[in-house]
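Q: Give me coordinates for this.
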Amino acid sequence: MFKTNQRATQNYWVKPLTFATPFLYGESLTSWLVRAALKHGCSPLTFTYYYWPQYRIWTYDVDKGFDNIDEQITYDIAVLTDDNGDAFDNLILIDFLNNTSVKSDKKTPMLWTAPLSKRNRYSLIGYPYCPDCMSNDKEAYLKLQWRFTWSVCCTKHKSFLQVDCGHCNHPYQPQLLSPEQRFINRCHSCFGKLDQAISDISPSEAIDDFQQLADKAYYSKQGVILGQVVSMNQWFEYLLFLINLVRKGLKNPNYMFGKLITALGIDTNTLSLPKTALRFDFLPVNERVALLECAYHLLQIDADDWIVVCLAFNITQNSFQWSKSTVIPKAFSAVYNQLHRVPTRSYEAQSENIQPASPKVVMVSWNRLKRKMQMRESYDKHKES
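A: Residues are numbered from 1 along each chain as shown. Model prediction:
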C-alpha cells in the first residue's frame, strides 16, 4: 500500500487544492485529474502542465499510475487531495497488476485492460463509460472498473458500456475537455451530454451473472475453478484460456475444438469469429460479450465432464499446445493431467512454394486495415477541428 508524508514531497510549493476534490469510491485516476481541472476552471492539459511541466502526462495511460514516469507525481497528488495516499492504489491499475503475472511499461497495454491507443494526447479508442451513470452533471465520474475488458456492462443500470459519444459518434476523450464544458460527462467534440445510449440492447442474464462473478474474483482476490478455490491470477488465466479455446473452436467448427465446445453445450452455428482476429482486449464490446458468454458457460462445466468429452474426441495434452508460447493454466491441471500425451514429432522444413492465403485470412487482414483506416480518419478529423 502506498503511503506518503506530505512534508516529504520534493515539490514543496504543491499545496492542497483550493476547491477540495476528494477521491470517489472506485474512481479512476483519469477521472479525478479531469474533475479537479474542470472544478478549478482550467483544462486537464493546463492543470497537469502547471504541476508537472517536464512531462506530457496525457500522452500516457494515466490509469496505470506514474511509477514508470516519476514517482514524485504520486506524492504530489496525495498533497493536492490533502490525503495520506491510502486511497491512491484504488484509482490505478497497479492493484490488479500486483496480483497477477501481468507486466507493463509506459506504452504497452496491460492484459485485461481496454487500450486507449494514444497518439499524442488523442486516444484513437474512446474511454469506456456507462451513459446512465453519466446523466447527472455533478455526480458523474469514471470508474476504474470500466477499464477492465471483462467489464462490458454496468451492473447498476444493466446497460452496456460504450466508448463513443451517442450524439456524434466521436471517441469519448475526457482529457480533451475544455473548462467551458464544466463537467466530465460531456463530449469534447459536440459538447453533448454523454447520457444517450448508442444501442438499446440490454445485457443478457448470463453476461450479467458473469460480470458479477468476475467482479467478485477481482475484489476478493480469489475464485472457484473446477470445484477448487484458486487465486485471482489463476482465475483470470483460466478465463483467458477458455476464451482462446472458444476462438479455436469457432475457427473450424468441424474440427477437434469445434466439436469439443459443441459437445459442451455451445452452439457454434450462431457464433462467428471476431472480424479482426485481434487480441481479446482490442475487440469491440459486442464481440467480447459473445466470447464471455461462451466462457461463462464453460466455467460451469465440472472436471469429470471435461475429461469424458476430451477422451471421446481423442483430445490429448498436445492438442492444447496451440503455439510455443501456450501456457496451460494451473487451474486446468485436474483435466489436463488425465489426458494422454503423444510424443512430439519432428517436422520437415516448410516448402518454398508459397501458397495463396485463404479467403478467411484475407478477410481478417482486410478488416484490420479498415479498422486502422477508421481510427486514422478519426484522428485526422480531430487535428482539423
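Q: Just the C-alphas of stretch 232-239, formatted as PDB.
A: Output for stretch 232-239, consisting of C-alpha atoms alone and laid out as PDB, is shown next (Å, rounded to 0.1, in the frame of the first residue of the first chain):
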ATOM      1  CA  MET A 232      -7.300 -14.300  -8.800                       C
ATOM      2  CA  ASN A 233      -4.400 -14.700 -11.100                       C
ATOM      3  CA  GLN A 234      -5.200 -18.300 -11.800                       C
ATOM      4  CA  TRP A 235      -8.900 -17.500 -12.200                       C
ATOM      5  CA  PHE A 236      -8.300 -14.900 -14.900                       C
ATOM      6  CA  GLU A 237      -5.600 -17.100 -16.500                       C
ATOM      7  CA  TYR A 238      -8.200 -19.900 -16.800                       C
ATOM      8  CA  LEU A 239     -10.800 -17.400 -18.200                       C
END
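Q: what's it in contact with?
A: Stretch 232-239 is contacted from outside by 99-101, 112, 150, 214, 217-218, 220-223, 225, 230, 295, 299, 327, 329-332, using CB atoms under 8 Å, 6 or more residues apart in numbering. To be clear about C-beta, it is placed using only N, CA and C from the backbone, and glycine gets the same treatment.
Q: what's the nearest residue to Ser31 if we skip its chain neighbours?
A: What sits nearest to Ser31 in space, not counting adjacent residues and going by CB to CB, 6 or more residues apart in numbering, is Leu142, at 3.6 Å.
Q: Narrow the contacts of stretch 232-239 to those that are buried.
A: Among those, those that count as buried by neighbour count (16 or more other CB atoms under 10 Å) are 100, 112, 150, 214, 217-218, 222-223, 225, 230, 295, 299, 329-332.
Q: What strand or helix carries the closest residue to Ser272 other than its chain neighbours?
A: In space, and not counting its chain neighbours, Ser272 is closest to Leu250: 6.8 Å by CB to CB, 6+ apart. When elements are assigned from DSSP states H and E, Leu250 belongs to helix 232-251.
Q: Buried ones in that helix, by neighbour count?
A: Buried positions in helix 232-251, judged by neighbour count with 16+ other CB under 10 Å: 232-250.
Q: Poorly predicted segments of the stretch 251-385 of the chain, please.
A: Applying pLDDT under 70 to the predicted model, the residue ranges of the stretch 251-385 of the chain that meet it are 344-354, 382-385.
Q: backbone phi and psi for Pro53, please?
A: Taking degrees, to the nearest 10, you get phi -70, psi -20 for the backbone angles of Pro53.
Q: For it, the count of nearby residues, please.
A: Under the neighbour criterion other CB atoms under 10 Å, Pro53 is assigned a count of 9.
Q: ranges for the strands of the chain?
A: Listed in chain order, the strands found in the chain under DSSP state E are 118-119, 122-123, 153-154, 159-160, 222-225, 228-231.
Q: wait, which of those strands is closest to Cys190?
A: With CB to CB as the criterion, Cys190 lies closest to strand 122-123 of the strands of the chain, at 15.9 Å.
Q: Direction included, what does that closest one pair against?
A: Here strand 122-123 has these sheet partners by DSSP bridges: strand 118-119 (antiparallel).
Q: quick one: average pLDDT of the partner strand?
A: The predicted model gives strand 118-119 an average pLDDT of 81.
Q: distance between that strand and the chain's centre?
A: Mean-position distance between strand 118-119 and its chain equals 17 Å (CA atoms, centre = their mean, to the nearest Å).
Q: what's the answer for stretch 15-25, then?
A: On the basis of CA atoms, centre = their mean, the separation between the geometric centre of stretch 15-25 and that of its chain is 27 Å.
Q: Perfect, I'm done here.
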